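Student: What follows is a predicted protein model with its sequence.
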Amino acid sequence: MTSPPVVEVDHATKTFGDNLALEDVSLTVVRGELVGLLGPNGAGKSTLISLLTGLRRPTSGAVRVLGGDPRDPATRVALGTTPQQTGLPETLKVREVVQFVSKHYPDPADADELLARFGLTDLVGRQCGALSGGQQRRLAVALAMLGRPALVLLDEPTTGLDLDARHTLWNAIEAYQADGGTVLVTSHYLEEIQRLAERVVVIDHGRVLVDDTTRAVIDRVDVDRVSLVSTDERLGALPEVMSLERDGEEATLLTPDADALVRRLVTEGVDFRRLRIAGASLEDAFAQLTAMTVPGGHR
Ligand SMILES: Nc1ncnc2c1ncn2[C@@H]1O[C@H](COP(=O)(O)OP(=O)(O)OP(=O)(O)O)[C@@H](O)[C@H]1O
């Protein structure tokens, strides 16, 4: 018998009064996938996650996690989650919270190993209220993985973290996936999703715009990113330039044809130095995809 997908969202719609937060969303995630869930503010990401954690019920359609109803405790025991806001008991020590959470699961992970993975070993005797925001965030994600869940849902896990703490988290998330875990992660840091996720689901105005491999999503945008140092006023008006951002003398522009742009710079006698050309990023793809939608969910 084949096991059911880890996540199955089947034509799910969620309304809050007149507000259509999700419209006819369908999504399947199988074991071992690490999927990035992207969308602008208010797109419906947190609503979708709340359906998967069983905190909310779809207005119509169905949501199943490991073949079961996520509102059923027997299903939820296989689910780890980190909400956007971290709420840890202030006066409990890290060790105590870990023991407490651990007791809720039939086959918890080795706590020492998990804490080491998240760089928290030296903090086990510290009260949660005395942890920095970044340490609390790391602990929250570690707790989400403590019960050896088949699926973890991470809503903005690295918001507010410094680069070191983000790297620690990324490595821990990858280690969890390497152990066979399945991850659905939202983030406003698109370079993070580009690094972690093999697959990206973009939602906007409550609808799935794109569901594809990260590589394929990036390849949809046929643009190059060109950076150079130049004060020339004509840059933004060149026909090969789609968009231009300036940071002092540093200019970053998007172009559909970097070769043609470079030829143009030379023939027009534009003064420039430190020219660098890179392919499009997930951020470029995301900007282009979501710019194509208008409020109301029409494409
Ligand atoms: N409890 C609620 N009552 C009424 N409307 C809600 C409720 N929760 C969410 N919404 C609305 O549903 C839509 C989707 O919101 P949601 O929080 O899912 O978006 P999001 O993609 O997670 O946004 P963000 O990136 O800002 O967290 C928004 O229009 C929001 O205002």
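Tutor: Yep, that arrived. All values derive from a computational prediction rather than experimental measurement. Numbering: from 1, shown residues only.

Student: partners of the host helix or strand of Leu22, with directions?
Tutor: Using DSSP states H and E, the element containing Leu22 is strand 19-29. Here strand 19-29 is paired, per DSSP bridges, with strand 7-16 (antiparallel).

Student: check whether the strand it pairs with contacts the ligand.
Tutor: Yes: counting by Cβ under 6 Å from any ligand atom, contacts between strand 7-16 and the ligand involve Phe16. C-beta: built from backbone N, CA, C; applies to glycine.

Student: so who does the residue nearest the centre of the chain touch?
Tutor: Note on the chain: the residue nearest the mean C-alpha position is Thr186, at 2.8 Å, using Cα atoms, centre = their mean. Applying Cβ atoms under 8 Å, 6 or more residues apart in numbering to Thr186 gives the contacts 36-39, 45-46, 49, 154-156.

Student: same thing with Asp212?
Tutor: Going by Cβ under 8 Å, 6+ apart, Asp212 touches 199-200, 220.

Student: separation between it and Thr182?
Tutor: 18 Å (Cβ to Cβ, to the nearest Å).

Student: what does the chain put close to the ligand?
Tutor: So far as Cβ under 6 Å from any ligand atom goes, the chain lies against the ligand at 16, 19, 21, 39, 41-47.

Student: Now, the residues you listed that are in strands?
Tutor: Per DSSP state E, strands hold the following members of these: 16, 19, 21.

Student: Only the buried subset of those, as a ChimeraX command please.
Tutor: The ChimeraX command for the buried members of these (criterion: 16 or more other Cβ atoms under 10 Å) is given here:
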select :21
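
Student: could the ones in strands among the residues of the chain next to the ligand be laid out in CSV, adding distance to Ser60?
Tutor: What follows is these, written out as CSV (distance: Cβ to Cβ, whole Å):
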residue, distance to Ser60
Phe16, 14
Asn19, 15
Ala21, 13
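
Student: which one of the ones in strands among the residues of the chain next to the ligand sits closest to Asp271?
Tutor: Distance to Asp271, by Cβ to Cβ, is smallest for Ala21 among those, at 50.6 Å.

Student: roughly how far apart are the nearest residue to the closest one once chain neighbours are set aside and Val221?
Tutor: In this structure, Ala21 finds its nearest non-sequential neighbour in Thr47, 4.3 Å apart by Cβ to Cβ, 6 or more residues apart in numbering. Taking Cβ to Cβ as the measure, Thr47 and Val221 are separated by 27 Å.

Student: Next up, identify which helix or strand Arg166 is on.
Tutor: Taking DSSP H and E as the definition, Arg166 sits inside helix 163-178.

Student: Now tell me what touches that helix from outside.
Tutor: If you take Cβ under 8 Å, 6+ apart as the criterion, helix 163-178 is touched by 32, 34, 117-119, 134-135, 137-138, 141-142, 145, 152, 154, 157-158, 161, 183, 185, 189, 192, 195-196.

Student: Which among those count as buried?
Tutor: Using 16+ other Cβ under 10 Å as the burial test, the contacts of helix 163-178 include 34, 117-119, 134-135, 137-138, 141-142, 145, 152, 154, 157-158, 161, 183, 185, 192, 196 as buried.

Student: Restricted to strands, list those.
Tutor: Per DSSP E, the subset of the buried ones among the contacts of helix 163-178 in strands is 34, 152, 154, 183, 185.

Student: ok, how many other residues are close to the nearest residue to His11 once chain neighbours are set aside?
Tutor: In this structure, His11 finds its nearest non-sequential neighbour in Gly61, 4.1 Å apart by Cβ to Cβ, 6+ apart. If you count neighbours by other Cβ atoms under 10 Å, Gly61 ends up with 17.

Student: any idea how far Gly61 is from Leu27?
Tutor: 11 Å.

Student: With Val262 instead?
Tutor: The spacing between Val262 and Leu27, counted by Cβ to Cβ, is 42 Å.

Student: Among those two, which residue is more densely surrounded?
Tutor: Leu27 (20 against 17).

Student: Quickly list what the nearest residue to the more buried one once chain neighbours are set aside is bridged to.
Tutor: Distances taken as Cβ to Cβ, 6+ apart place Val9 nearest to Leu27, at 4.2 Å, with adjacent residues excluded. With DSSP bridges as the criterion, Val9 is bridged to Leu27, Val63.

Student: ok, Val9 - contacts?
Tutor: With Cβ under 8 Å, 6+ apart, Val9 has these contacts: 25-28, 48, 51-52, 61-63.

Student: could you dump the helix or strand of the chain with the lowest mean pLDDT to PDB, C-alpha only?
Tutor: Least confident helix or strand, the chain: helix 282-291 with a mean of 83, by mean pLDDT, DSSP states H and E. Taking C-alpha atoms only, helix 282-291 is exported to PDB below (Å, rounded to 0.1, in the frame of the first residue of the first chain):
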ATOM      1  CA  LEU A 282      14.200  34.100  -7.300                       C
ATOM      2  CA  GLU A 283      13.500  37.600  -6.100                       C
ATOM      3  CA  ASP A 284      13.500  38.900  -9.700                       C
ATOM      4  CA  ALA A 285      11.100  36.000 -10.700                       C
ATOM      5  CA  PHE A 286       8.900  36.700  -7.700                       C
ATOM      6  CA  ALA A 287       8.700  40.500  -8.500                       C
ATOM      7  CA  GLN A 288       7.800  39.800 -12.100                       C
ATOM      8  CA  LEU A 289       5.200  37.100 -11.200                       C
ATOM      9  CA  THR A 290       3.400  39.100  -8.600                       C
ATOM     10  CA  ALA A 291       3.500  42.300 -10.700                       C
END
